[in-house]
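# pasting the structure only:
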């Protein structure tokens, strides 16, 4: 059967001497795998359309197993993500999340739109860390692991100030803070942003200005939560850490 989809290239794998296997997140069919025959060849008609982060219309034939790419037309090449190493690292992380947290056939039009918006926002110089945290929250909601942020995860109290417990799954009130020795102090500004992340549409994200101290707390919370509940050793996140530790001169 022939399928026509709007897709984003999440990852490519070389196969044989001249072929590539693409992992696409599509609006219509969730995550799919397709073989792009001859894509590694210099004059391949699929060369540009099979680069990571590329958004386009992909036509493929599939009866069982992997599909076979028939044609591809680029909508957004996102060249800016390839030309800037830091932007590429952030883009790789959101793409890796979609790839590794979704099984074949999983996904939705809404998630596709959020990933497309995240890539565009990173390329357009919006705060990449904030974009990543919003997408992390989108993926957590999709997986059914969204943190509880409106009340104490232990007793249900709505009286703060709150701390954040990655292990227990959300915020802790002062009376329950002793239940997690690793609880992270959560300033009101950081809590408001975490709550905002659970429902914001990346397509409507405007310019953001977040204090460096607040961003450090957000990063600590989201890292701890992703590690506690998803447990994936993110390759792109490790690369981001190396970039921050040893910045380019």
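In hand now; what should we look at? What you see is a predicted model, and the numbers here were worked out from it, not measured in a lab. Numbering: from 1, shown residues only.
# so what are the domain limits for the chain?
What automatic domain parsing lists as the domains of the chain is 2-78, 147-197+210-234.
# what is the end-to-end distance of the last one?
Just to be clear, that refers to domain 147-197+210-234. End-to-end distance for domain 147-197+210-234: 20 Å, by CA to CA, to the nearest Å.
# so which residues of the chain form strands?
In the chain, strands defined by DSSP state E lie at 2-15, 19-26, 30-36, 55-61, 67-76, 163-165, 170-172, 184-185, listed in chain order.
# so which residue is dead centre in this protein?
Note on the chain: the residue nearest the mean C-alpha position is residue 94, at 2.5 Å, using CA atoms, centre = their mean.
# okay if I get the domains of the chain as JSON lines plus mean neighbour count and mean pLDDT?
The C-beta positions use only the backbone N, C-alpha and C, and glycine is treated the same way. Output for the domains of the chain, formatted as JSON lines (neighbours: other CB atoms under 10 Å; pLDDT from 0 to 100):
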{"stretch": "domain 2-78", "mean neighbour count": "18", "mean pLDDT": "93"}
{"stretch": "domain 147-197+210-234", "mean neighbour count": "17", "mean pLDDT": "96"}
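# so the residue nearest to the centre of the chain touches residue 132, yeah?
Yes. Contact criterion CB atoms under 8 Å: residue 94 and residue 132 qualify, at 6.2 Å.
# so for the two, which residues contact both of them?
Residues touching both residue 94 and residue 132 (CB atoms under 8 Å, 6 or more residues apart in numbering) are residue 118.
# from residue 79, how far off is the residue nearest to residue 72 when sequence neighbours are not counted?
Distance criterion CB to CB, 6 or more residues apart in numbering; nearest residue to residue 72, sequence neighbours excluded, is residue 49 at 3.6 Å. To residue 79, residue 49 is 13 Å away according to CB to CB, to the nearest Å.
# what do these two both touch?
Common neighbours of residue 49 and residue 79 (CB under 8 Å, 6+ apart) do not exist.
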